[in-house]
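Student: Return a 3D structure for these sequence lines:
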Amino acid sequence: MPELRTRWLILLALLSVWPASLSAQIVVTDKQWGWDNKPRLNGFNLLNIKVLNSGNDPWKGSFRMQNDSMPLGVDIPILEPNMYIEPGGSRLLQFLVFVDSNCEFELSWGLGKDQREVLGATADAVAAVPEDQQGNDRDRQAVVQLRGYRTGSGASCPSFPEEYFPTSAAGIYGLQAILLDHVPEFQPAQEKAFLDWIYSGGELHLFSTSATDVLQFGGILSELNQPLDEFAIGSGWVVRHAMPLAKATRNFISEEVRHHTTGPKRESQHQDWNISGVLHRLQGSLKRITKPNHNWLAIYLLAFAYLLLLFPGCWLIGRKVSDYRITFGVILGVVVLFSLSFDLVGRRGYGEVTSVNFTAIARPASNGRSSVLQMSNVFVTAGGTYEISHPVEGAVYSTGQTSERVRGLALNRPVGMMRVDIPAFSDRSVLHAGIVPYSISSVSIVKAVRNSSGDLQELELHIDDPSRWPAEVLEMQVVHRDRIWNLASGTGQTLKATTPEDIERVISDFNWYLNPWSTGEDETADEWFRQTRIPALAYDLQVFENRDLQNFPFPDDRIRVYVFAEAPPEFMATGSLSAQQQGRVLFVQEVHLPEIETDLSPAKASEKTEPSGD
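Tutor: Numbers count the residues shown, from 1 in each chain. I've put the predicted structure just below:
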């Protein structure tokens, strides 16, 4: 029943692309890229568009968003189906579009030239950023103030309308911090998305005129009412400032908010390597998990027999039989027979099984959920149109590439599904984001010792809820500043950091180039899955090319914990795909370090309780 309902929804949406009333006139009145009107590459970008029906009749139809970088478009279109706009009415359209280059998008609501709007990501971004802010700020994550009806004088940073805040944290990308001096008038879905964003690592700065006049939040946002100047919520951080928002100058934001850029920049020690196509490299490993195991002896024997039957076989028949129609019939029969034979032998080389392999990056969300970005490779043995969906909230879909147009479409959330054509014995990449009803246990610091320079010397973590720890953990690591440690299981539920490595060395030693002619037959599925870990790590650290490493060291006041594990069922696809699915998840958590040396280990506690010998 759900699939039938989805098919009818798609059919009605396609039929409704032609507007119901020609006298209705749709006009785009406002548009905003991302959080500060700047698109960010290699991820889903929020795109808000306000449309107005300036005609005298109601308008019924669907809106279609297409990446128009090439003449015929690329990726798949996103459909906002079955919209109704009364005369003089307006609607807010909200899309999350995948951007991996300077893309051009087109919004259309009909077939005429006056029924489309070109949305130039690059041009819009340059026009929106003042000249004195272009350059260093271009590649940073956004810091914005949330603007509402009760907002006072603004800070020295871009503003974002609170009515534009998304209804799901899925796909939120490129947003580091929000500055706020009032309780926003959110809808319940927006409140939930706002809290999920903080849990996943967002930074919220609250401003008030005095230390006693603090903001008080209600409902699910009451978690923000803790009586502390600074406190953690999930992997996020909340900071209170006893001063008006107008005093948040550019210098203040640079020092107190963009603190991750204040550390010294190191020259690269490895000039002979290059990072490129992080998502492409991840997808390349997933593709090679499904590899042929052909019976080459049978294929060679068939080829040899085919050539012998054509010549001299058919030639000899032609000499003995005077009717050329018989000879042509034999040739046609041989071609058909061996075509079917090669097809049968070839498909058996793949095991005749549709399969889905994926790797996901999961960050915490509220109420035991996770905010997930997931790359999948779908291989099918029977050609056709496949419906791809996942049991997640706020799902958004793309093919994760902008090099070709793919037959299919994605329905905009809240439906959130993908319908795509896949030829027989081929694969298709699927990139999606969503809120998954699963999360692993948080970890807390038992022991953290730093030297005079602030570098970690010792680190010991505790698993807070062992029952929620992954059953099959493959690797664990922790990042602080520009170093990365392996984590080893200690006594009880503890994790201890081992010898550190330079993170640049770890990334540079990875083989970023995959030979396109290699099928990877010499490596197992587990080995190919293991090769997705470093690209996933680089993506989470926002390292897409060499110069991105100059943004390190990582913030001094926190660590980032990575747990690479086998994927639970909650991450697997539904829809028209088979049950043969396997994947890996890189779980990510951020933990703030104490300002002073901390040692809460049992050994240290016993030392303090032992009586002295005097």
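Student: Do a quick rundown of the strands in the stretch 501-614 of the chain.
Tutor: For the stretch 501-614 of the chain, strands defined by DSSP state E, counting those that start in this stretch occupy the ranges 558-566, 574-575, 581-592, 598-599.
Student: Name the residues of the third one that are buried.
Tutor: For strand 581-592, a neighbour-count test (16 or more other Cβ atoms under 10 Å) marks 581, 583-591 as buried. In this view, the C-beta of every residue, glycine as well, is placed from N, C-alpha and C.
Student: Looking at the residues you listed, spot the one nearest Gly236.
Tutor: Glu590 (7.8 Å; Cβ to Cβ).
Student: Quick check: closest non-adjacent residue to the closest one.
Tutor: Closest residue in space to Glu590, ignoring its immediate chain neighbours: Ser235 at 4.0 Å, by Cβ to Cβ, 6 or more residues apart in numbering.
Student: can you put the strands of the stretch 501-614 of the chain in JSON lines and add distance to Met375 and mean pLDDT?
Tutor: Formatted as JSON lines, the strands of the stretch 501-614 of the chain follow (distance: least, Cβ to Cβ, whole Å; pLDDT from 0 to 100):
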{"stretch": "strand 558-566", "distance to Met375": "15", "mean pLDDT": "96"}
{"stretch": "strand 574-575", "distance to Met375": "17", "mean pLDDT": "80"}
{"stretch": "strand 581-592", "distance to Met375": "9", "mean pLDDT": "96"}
{"stretch": "strand 598-599", "distance to Met375": "37", "mean pLDDT": "60"}
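Student: What does the pLDDT read for Asn225?
Tutor: Asn225 carries a pLDDT value of 95.
Student: any chance you could map the helices in the stretch 501-614 of the chain?
Tutor: Here the stretch 501-614 of the chain has its helices, by DSSP state H, counting those that start in this stretch, at 503-508, 525-530, 533-540, 602-609.
Student: what do you get for the stretch 1-150 of the chain?
Tutor: 2-15, 121-128.
Student: ditto for the stretch 201-350 of the chain
Tutor: Applying DSSP H, counting those that start in this stretch to the stretch 201-350 of the chain gives helices spanning 250-252, 278-287, 296-308, 314-320, 324-348.
Student: Show me which residues of the shortest one are buried.
Tutor: So the one you mean is helix 250-252. Of the residues in helix 250-252, Phe252 count as buried by neighbour count, 16+ other Cβ under 10 Å.
Student: ok, how many other residues are close to the residue nearest to Glu590?
Tutor: By other Cβ atoms under 10 Å, the residues close to Ser235 number 23.
Student: Enumerate every residue touching it.
Tutor: Neighbouring residues of Ser235 by Cβ atoms under 8 Å, 6 or more residues apart in numbering: 199-201, 363-364, 588-591.
Student: Ile534 now?
Tutor: Taking Cβ under 8 Å, 6+ apart as the test, what Ile534 contacts is 506-507, 510.
Student: Return the member of these nearest to Gln542.
Tutor: Nearest to Gln542, judged by Cβ to Cβ, of the contacts of Ile534 is Ile507 at 12.1 Å.
Student: Quick check: that closest one vs Trp528, distance?
Tutor: With distances taken as Cβ to Cβ, to the nearest Å, Ile507 is found 19 Å from Trp528.
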